[in-house]
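Q: fold the following and give me the result.
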Amino acid sequence: MDGLRVLLLVAGVIILLINFFINSGNIIKIVTYCFQANSVSHYWNLFFKSCVSGRAVISSIIGFIVALFIFIIITPIVLIRGALGTKKTAALLDEGLIFQYQDQNLEDQNLTFNNNIQNNAGLDIPEIKVSGKLRIDAIIAISEITKLCEEKGIESSYKVMHKLPIENKTEALVPLFLTIDNQSLPTYFIYSTTHAQQYKKIRNKLYTAGYKKTLYFSTIQF
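A: Now for the predicted structure:
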């Protein structure tokens, strides 16, 4: 009888250990997600979905205790990282190293883009109507530029959201990077006065970095 109790006890301990390691693996994944998102807002929701089971009450309780301990440790770290990330993003935006684009419904306003492509790339782009959605406006612009280049027998290519190294080991995230007739042309879409201010700043930095010509599609007249 004592031997059976020992076997049952050992089996119970083994089951608890297995569940503990499974829960630990899930908790590690949750912690990784929190650090990537710089937020703990989904911590407990993810925990209860992946680590709590009515068929393993004791393991769930142990997992909860471990999760609570880890939550107390990581919360201040994640909050500090989030605050630093917000400050870093604000600095990058201020310098024009990155642009933020939010979808706007501008189709009904009958706006067309101003651009400087004729002067800088020798292409007479037809008027492009403004949709307010970057992905749509960029696709239309790329299509028109590609078509004109093919008609003229000029080689062209493009990259979207392309990182360019500039001064002091920093990088600029360019919405559209065009190569036309061997010219490298960072290209920006400007929908607001904030974008216009950012463009003026990053244009100077790009010029210093060797990109003498910078293109724009803008709803604002320069």
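Q: in the biggest helix by length in the chain, what counts as buried?
A: For the chain, the longest helix by residue count, based on DSSP state H, is helix 57-94. Within helix 57-94, the residues that count as buried by 16 or more other C-beta atoms under 10 Å are 59, 60, 62, 63, 64, 66, 67, 70, 71, 74, 78, 92. Backbone N, C-alpha and C define where each C-beta goes, glycine included.
Q: so which elements touch that helix?
A: Helices and strands touching helix 57-94, by 3 or more C-beta pairs under 8 Å, 6 or more residues apart in numbering; DSSP states H and E, are helix 2-37, helix 43-51, helix 193-208.
Q: tilt between that helix and helix 193-208?
A: Angle, helix 57-94 to helix 193-208, by axes from the mean of the first three to the mean of the last three C-alpha atoms, to 10 degrees: 70 degrees.
Q: after helix 57-94, which helix or strand is next?
A: Counting by DSSP states H and E, the next helix or strand C-terminal to helix 57-94 is strand 114-115.
Q: ranking the helices and strands packed on helix 57-94 by mean pLDDT, which is last?
A: When those are ranked by mean pLDDT, helix 2-37 comes last with a mean of 67.
Q: where does the prediction get shaky in the protein?
A: For the chain, residues meeting the criterion pLDDT under 70 lie at 1-23, 53-56, 58-59, 83-87.
Q: now with 50?
A: Within the chain, the stretches with pLDDT under 50 are 1.
Q: just to revisit the earlier point, how far off centre is the longest helix of the chain?
A: Its chain's average C-alpha position is 20 Å from that of helix 57-94, according to C-alpha atoms, centre = their mean, to the nearest Å.
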